[in-house]
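*Asks:* 3D model of this:
(one chain, ligands or ions: 1)
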Amino acid sequence: MPILNRAAEMQEEVAAWRRHLHSNPELNFDVVETAAFVADKLKAFGCDEVATGIGRTGVVGVIRGSKGGGKTVGLRADMDALPIVEVTGKPYASQNTGKMHACGHDGHTAMLLGAARYLAETRNFAGSVAVIFQPAEEGGGGGNEMVKDGMMERFGISRVFGMHNMPGLPVGQFAIRPGPIMAATAEFTISVKGRGGHAAMPHGTIDPIVVASQLVGALQTITSRSADPVEALVVSVTKFHAGDAYNVIPETAEIAGTVRTLKKEMARKAEERMRAICAGLAAAFGATIDVHYDANYPVTFNHAEETAFAADVAAAVAGDAQVHRAIQPLMGGEDFSYMLEARPGAFIFLGNGDTAGLHHPAYDFNDEAIAHGVSYWVKLAETALAA
Ligand code: NI
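*Replies:* Here you go, the predicted structure:
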């Protein structure tokens, strides 16, 4: 099955929704207008249930098939934008200066709305489809909030699928891999407290700059000497703040950064080693070192069976040669990971063509990809819920 005729017919209308969303970007959980737009559309399509306020501002629409059956498959899109000043110069560019759909979530939302409309018109499946629109993907953990709000249980979702556009991948192509596809992220802040004093009399001080400098070097050994070299682990110190004067040894220094991993064990190991190194250096220098470690999004882990299924669906839509089934994982984070921890499923990339990269001020979702994305969602739902 190539692109659905109906999906191609709807392309212009879905693109118009996409452009409306693009003009009116909202951030984080404050996607009030976007969620209202989504909910109004789902009601107009005749969804059997439209639930708002899930995970604060998330929306779930339920479409029951015409063939009975009790299973529910979840299809998820994200709705939030980024705090970026747009430079695309497009006629539908952001009207909210400083906010921009620079990750294509406008396209994701519009494509899932298109699929919801098709599925509500045809209902050619057994069981139900839950279309999930989440807030706060860009750092706020909206996916986690929806899961914690009991979404999976409330709608009886047994499997869940996500999709993200990918600049650089040609339009009409899909890319996926089983296992880890995106990284777990963590942020750390390390505060070193020494004893300040005159720079000409260092023997009376505990110099926090010297301690923090040792620390920056020692943290590099987490990856180079504590981690199995075939496992992915990034530890980057990205901030270093200390001191105000030429002749004063300050009282404190602070460093901070990010950790990226593809396995839970590696994430645990990184934190363990960081704390041990800090404790050891504090003892060695007589300083006090506090570690504030915030595990953020977990690894986005694609379940094997659902990944093979999703790739087969993509191949049915696009042709086998257009589907990359074993791409390298990306070290960026993605909060669909929480939904994949709650239910089996898979996250797939959709080609956005030769556009600016994600999170770039010149990025724009490619409307040419719409019919491919809508067809993928429809085919996935109909195949997963075949009678
Ligand atoms: Ni994104």
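
*Asks:* Contacts only, for Ile3.
*Replies:* Counting by Cβ atoms under 8 Å, 6 or more residues apart in numbering, Ile3 touches 317, 371-372, 375. C-beta: built from backbone N, CA, C; applies to glycine.

*Asks:* got it, and Glu306?
*Replies:* Glu306 makes contacts with 159, 161, 344-346, as judged by Cβ under 8 Å, 6+ apart.

*Asks:* picking up where we left off before, and the contacts of Ile3, which are buried?
*Replies:* Those of the contacts of Ile3 that meet the buried threshold are 317, 371-372, 375, by 16 or more other Cβ atoms under 10 Å.

*Asks:* hang on, Leu350 packs against Gly373?
*Replies:* Yes: contact criterion Cβ atoms under 8 Å: Leu350 and Gly373 qualify, at 5.2 Å.

*Asks:* quick revisit: in helices, which of the contacts of Ile3 appear?
*Replies:* Among the contacts of Ile3, DSSP state H puts 317, 371-372, 375 in helices.

*Asks:* Please convert the residues you listed to JSON lines, extending it with pLDDT and distance to Leu215.
*Replies:* Compiled in JSON lines, the ones in helices among the contacts of Ile3 are given as follows (pLDDT from 0 to 100; distance: Cβ to Cβ, whole Å):
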{"residue": "Val317", "pLDDT": "96", "distance to Leu215": "51"}
{"residue": "Ala371", "pLDDT": "96", "distance to Leu215": "52"}
{"residue": "His372", "pLDDT": "97", "distance to Leu215": "48"}
{"residue": "Ser375", "pLDDT": "97", "distance to Leu215": "52"}
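
*Asks:* Determine which two of those are furthest apart.
*Replies:* Farthest pair in the ones in helices among the contacts of Ile3 (Cβ to Cβ) is Val317 and Ala371. Separation: 9.4 Å.

*Asks:* Extract the C-alpha trace of the top helix by length along the chain and format it as CSV.
*Replies:* If you go by DSSP H, the chain has its longest helix at helix 264-285. The C-alpha coordinates for helix 264-285 follow below in CSV (Å, rounded to 0.1, in the frame of the first residue of the first chain):
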residue,chain,number,x,y,z
LYS,A,264,20.2,2.4,32.6
GLU,A,265,23.3,0.7,34.0
MET,A,266,25.6,3.3,32.3
ALA,A,267,23.4,6.2,33.7
ARG,A,268,23.7,4.6,37.2
LYS,A,269,27.4,4.1,36.8
ALA,A,270,28.0,7.7,35.7
GLU,A,271,26.2,9.1,38.8
GLU,A,272,28.0,6.7,41.1
ARG,A,273,31.4,7.5,39.8
MET,A,274,30.7,11.2,39.8
ARG,A,275,29.8,11.1,43.5
ALA,A,276,32.8,8.9,44.4
ILE,A,277,35.2,11.2,42.6
CYS,A,278,33.7,14.3,44.3
ALA,A,279,33.9,12.6,47.8
GLY,A,280,37.5,11.5,47.1
LEU,A,281,38.6,15.0,46.0
ALA,A,282,36.8,16.7,48.9
ALA,A,283,38.7,14.4,51.3
ALA,A,284,42.0,14.9,49.5
PHE,A,285,41.8,18.8,49.5
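
*Asks:* Report all helices and strands that it contacts.
*Replies:* Applying 3 or more Cβ pairs under 8 Å, 6 or more residues apart in numbering; DSSP states H and E, one finds that helix 264-285 contacts strand 184-193, helix 208-221, strand 233-242, strand 252-261, strand 288-295.

*Asks:* Name the strands paired with the following helix or strand past the first one and say parallel or antiparallel.
*Replies:* Toward the C-terminus, strand 184-193 is succeeded by strand 197-198 as the next helix or strand (DSSP states H and E). In the sheet containing strand 197-198, the strands it pairs with under DSSP bridges are strand 248-249 (antiparallel).

*Asks:* In this structure Ser158 contacts Arg343, no?
*Replies:* Yes: between Ser158 and Arg343 a contact is recorded at 6.6 Å, counting by Cβ under 8 Å.

*Asks:* hmm, back to that, check which residues of the longest helix of the chain are buried.
*Replies:* In helix 264-285, counting by 16+ other Cβ under 10 Å, buried: 266-267, 269-271, 273-274, 277-278, 281-282, 285.

*Asks:* and of those residues, the nearest to Glu12?
*Replies:* Ala267 (44.6 Å).

*Asks:* which residue packs closest to Val210, ignoring adjacent ones?
*Replies:* Phe285 (7.5 Å; Cβ to Cβ, 6 or more residues apart in numbering).

*Asks:* Can you tell me how far the one you found is from Pro208?
*Replies:* Distance of Phe285 to Pro208, computed by Cβ to Cβ, to the nearest Å: 9 Å.

*Asks:* Need the overlap of contacts for these two.
*Replies:* Gly194.

*Asks:* Throw the buried ones among the contacts of Ile3 into a markdown table and include distance to Lys90, thanks.
*Replies:* Below are the buried ones among the contacts of Ile3 laid out as a markdown table (distance: Cβ to Cβ, whole Å):
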| residue | distance to Lys90 |
| --- | --- |
| Val317 | 28 |
| Ala371 | 20 |
| His372 | 21 |
| Ser375 | 25 |
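
*Asks:* which other helices and strands contact the one helix or strand Leu119 maps to?
*Replies:* Here Leu119, judged by DSSP H and E, is contained in helix 105-122. Helix 105-122 sits against helix 5-23, helix 32-45, strand 58-64, strand 72-78, strand 128-134, strand 157-166, helix 370-384, with contacts defined as 3+ Cβ pairs under 8 Å, 6+ apart.
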